[in-house]
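[1] got a structure for you, letters missing:
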């Protein structure tokens with residue numbers, strides 16, 4: 001037998017099958033398909049293996065089917081249709097209308113919202129809410145560290161459980177792996193807390209076969225007594241973030257919500273909790289949503305690899321397109337898809353004052369380089385690009401026309417768009433927008449503006465590296 005011929009035929013068949021799969025895969029940009037075809041043709045064996053590992057946002061069939069079944073049967077918290085007519089159908093209505101199709105959660109009125117002063121203050125206020133809880137405390141964190149703030153939250157959860165409050169906690173298997181393996185995790189279990197590991201990895205090889213290891217639960221969420229919710233960018237950790245201290249402080253923003261939007265946050269937790277094998281708590285979503293007399297219209301947007309379409313970049317782009325006067329965005333990781341980049345550059349070109357705030361030093365060199373490859377396009381379109389000097393600006397915020405906006409866990413990168421489970425809140429209220437906009441101004445005061453001349457000074461080697469990584473980004 002001619003083993004060389006057999007080997008060549010096998011490689012050819014594998015390459016052809018992989019290319020066909022890349023072409024047939026739904027919800028993929030043409031640039032992504034082309035990048036994978038080139039990779040497979042240039043690296044026949046390695047390219048196939050890379051595609052199997054990274055080419056698709058694969059989640060195990062069991063989890064995918066279970067997620068669909070849970071989402072189909074879970075009751076949706078009641079919406080509130082008594083919103084002022086200047087909001088419903090107005091100039092900024094499109095992102096809310098699109099978001100309604102993602103989780104079947106409607107915009108709600110009567111909410112109140114405010115920001116914590118900083119990361120430490122946020123944890124102190126979250127602990128105070130837990131200590132005042134009477135019935136339930138639910139929390140989900142991507143990264144949970146055994147540092148000062150992480151243990152302060154842990155102690156509060158144990159205290160609540162010991163006085164009879166139903167405490168349920170989710171922590172991502174990779175992001176919180178150190179705490180999950182520690183005595184602190186066992187202490188919460190023994191103290192009466194219900195704890196579950198989100199997206200457990202188990203055997204890495206078997207996990208990679210069933211789905212992607214790097215599909216993570218990136219949500220940062222806490223719901224107390226079914227009527228108070230915390231949402232933002234902060235993990236259960238100190239701002240010094242001792243696992244990556246050289247980039248500290250990590251500058252985050254957390255928001256506290258009361259009103260019907262809190263019940264929508266509960267919906268995200270309930271769906272995650274049941275998907276991870278937790279007890280049946282869907283009854284918490286039934287009945288009258290908590291009433292509020294606040295001025296904020298708000299809508300929860302939960303996305304992940306089980307969503308049927310590119311919901312997050314679509315909703316973000318609709319929000320950007322709605323801008324008429326000003327758009328201010330903060331994000332630590334910026335690798336946009338085509339529709340998001342077009343929305344941002346279009347805003348700048350049509351005269352909207354558009355400001356993008358990024359960290360000057362990023363904990364991911366690859367993301368930092370890929371992000372900077374877009375600076376020229378942004379600046380040429382009239383977008384102001386600013387880099388935050390002290391620490392890592394980790395806040396994920398967007399404010400449009402000092403009226404509507406978004407706050408949550410999602411970055412403007414492909415990982416958040418396609419791979420991670422994320423939670424965000426869309427809002428319409430000038431008061432809360434002004435509060436968030438003032439926080440953005442605090443960040444802006446600590447930034448250096450990147451000019452066209454700065455970008456022109458990038459060397460050829462640097463530009464080649466940045467553009468190469470940006471070109472490869474559709475493969476992620």
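    Nice, thanks for sending it over. Please read these numbers as outputs of a predicted model, since none were measured by experiment.

[2] Confidence-wise, which helix or strand of the protein is lowest on average?
    None of the helices or strands of the chain scores lower by mean pLDDT, DSSP states H and E than helix 204-210, at a mean of 56.

[3] Determine how far the helix or strand containing residue 346 lies from the middle of the whole chain.
    In the assignment (DSSP states H and E), residue 346 maps to helix 338-349. With C-alpha atoms, centre = their mean, to the nearest Å as the basis, helix 338-349 stands 20 Å off its chain's centre.

[4] helices or strands next to the following helix or strand past it in the packing?
    Going down the chain from helix 338-349, the next helix or strand is strand 353-359, by DSSP H and E. Applying 3 or more C-beta pairs under 8 Å, 6 or more residues apart in numbering; DSSP states H and E, one finds that strand 353-359 makes contact with strand 326-330, helix 338-349, strand 384-388, strand 392-393, helix 430-444. C-beta here means a position set from N, CA and C on the backbone, and glycine is covered the same way.

[5] in the last one, what counts as buried?
    Across helix 430-444, burial judged by 16 or more other C-beta atoms under 10 Å covers 432-433, 436-437, 439-440, 443-444.

[6] hang on, the earlier thing: so which of the helices and strands packed on strand 353-359 is nearest residue 463?
    If you check each of these against residue 463 by C-beta to C-beta, strand 384-388 wins as the nearest, at 15.9 Å.

[7] and the closest one, what does it pack onto?
    Contacts defined by 3+ C-beta pairs under 8 Å, 6+ apart place strand 384-388 against strand 353-359, helix 375-380, strand 447-450.

[8] Deepest in the core, which of these is it.
    Neighbour counts (mean count of other C-beta atoms under 10 Å) averaged over each of those peak at strand 353-359, with a mean of 22.

[9] Turn the helices and strands packed on strand 384-388 into CSV, columns for distance to residue 245.
    Shown next, in CSV, are those (distance: least, C-beta to C-beta, whole Å):
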stretch, distance to residue 245
strand 353-359, 15
helix 375-380, 28
strand 447-450, 22
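
[10] okay if I get the ones you listed as TSV plus distance to residue 274 and mean pLDDT?
    Formatted as TSV, the helices and strands packed on strand 384-388 follow (distance: least, C-beta to C-beta, whole Å; pLDDT from 0 to 100):
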stretch	distance to residue 274	mean pLDDT
strand 353-359	36	98
helix 375-380	42	97
strand 447-450	42	98
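
[11] Now do the buried residues in the top helix by length along the chain.
    The residue-count maximum for a helix in the chain (DSSP state H) belongs to helix 3-24. For helix 3-24, burial by neighbour count (16+ other C-beta under 10 Å) applies to 14-15, 18-19, 21-22.

[12] Skip ahead from it and say which helix or strand is next.
    Using DSSP H and E, the helix or strand that follows helix 3-24 in sequence is helix 30-42.

[13] can you list the domains in the protein?
    Per the record, the chain has its domains at 3-54, 61-83+112-292, 311-475, by automatic domain parsing.

[14] quick one, which of those domains is nearest to residue 302?
    For the domains of the chain, distance to residue 302 was read as C-beta to C-beta. The smallest value, 4.4 Å, belongs to domain 61-83+112-292.

[15] how far does that closest one sit from the chain's center?
    14 Å.

[16] what's the answer for stretch 338-356, then?
    Distance of stretch 338-356 from its chain centroid, counting by C-alpha atoms, centre = their mean, is 21 Å.

[17] what residues does it touch?
    29, 31, 310, 313-314, 316-317, 320-321, 323-329, 331, 334, 336, 374, 377-378, 381-386, 412, 440, 444 (C-beta atoms under 8 Å, 6 or more residues apart in numbering).

[18] what about residue 284, how many residues close to it?
    Using other C-beta atoms under 10 Å, residue 284 has 20 neighbouring residues.

[19] do you know how far the nearest residue to residue 321 once chain neighbours are set aside is from residue 425?
    Once flanking residues are discounted, residue 321 sits nearest to residue 343: 5.6 Å by C-beta to C-beta, 6 or more residues apart in numbering. From residue 343 across to residue 425, the span is 20 Å (C-beta to C-beta, to the nearest Å).

[20] Could I get the pLDDT score of the residue nearest to residue 321?
    Listed pLDDT for residue 343 reads 98.

[21] what about it, how many neighbours?
    22.

[22] how about low-confidence regions in the stretch 1-150 of the chain?
    1-4, 6, 15, 25-29, 31, 47, 52-62, 79-89 (pLDDT under 70).

[23] Next, the buried residues of the helix holding residue 346.
    By 16+ other C-beta under 10 Å, the buried positions in helix 338-349 come out as 339-348.

[24] got a list of what the spatially closest residue to residue 234 that is not a sequence neighbour touches?
    Nearest non-adjacent residue to residue 234, counting by C-beta to C-beta, 6+ apart: residue 252, 3.8 Å away. By C-beta under 8 Å, 6+ apart, residue 252 lies in contact with 119, 122, 232-235, 239, 394-395.

[25] and what of residue 298?
    Neighbouring residues of residue 298 by C-beta under 8 Å, 6+ apart: 107-108, 111, 113, 257, 259-261, 425-428.

[26] mind running it again at 10 Å?
    Taking C-beta atoms under 10 Å, 6 or more residues apart in numbering, we find residue 298 in contact with 80, 96, 107-113, 229, 231, 255, 257, 259-262, 264-265, 292, 407, 425-429, 432.

[27] Equivalent analysis for residue 277, please.
    Residue 277 neighbours (C-beta under 10 Å, 6+ apart): 66, 196-197, 200.

[28] Which members of those are the farthest-apart pair?
    The two members of those with the most space between them (C-beta to C-beta) are 66 and 197, at 15.6 Å.

[29] of those two, who's got more company?
    Between residue 66 and residue 197, counted using other C-beta under 10 Å, residue 197 has the larger neighbour count: 20 against 16.

[30] what about that one, distance to residue 173?
    In terms of C-beta to C-beta, residue 197 sits 5 Å off from residue 173.

[31] Identify the contacts common to those two.
    Common neighbours of residue 197 and residue 173 (C-beta under 10 Å, 6+ apart) are 180, 217, 276.

[32] mind showing which ranges of the stretch 201-350 of the chain have poor pLDDT?
    Low-confidence segments of the stretch 201-350 of the chain (pLDDT under 70): 202-213, 308.

[33] can you pull out the strands in it?
    Using DSSP state E, counting those that start in this stretch, the strands of the stretch 201-350 of the chain run over 221-224, 228-232, 250-251, 254-258, 296-303, 326-330.

[34] Return the most buried member of those strands.
    strand 296-303 (a mean of 28).

[35] how big is the angle separating it from strand 254-258?
    Interaxial angle, strand 296-303 versus strand 254-258 (axes from the mean of the first three to the mean of the last three C-alpha atoms, to 10 degrees): 120 degrees.
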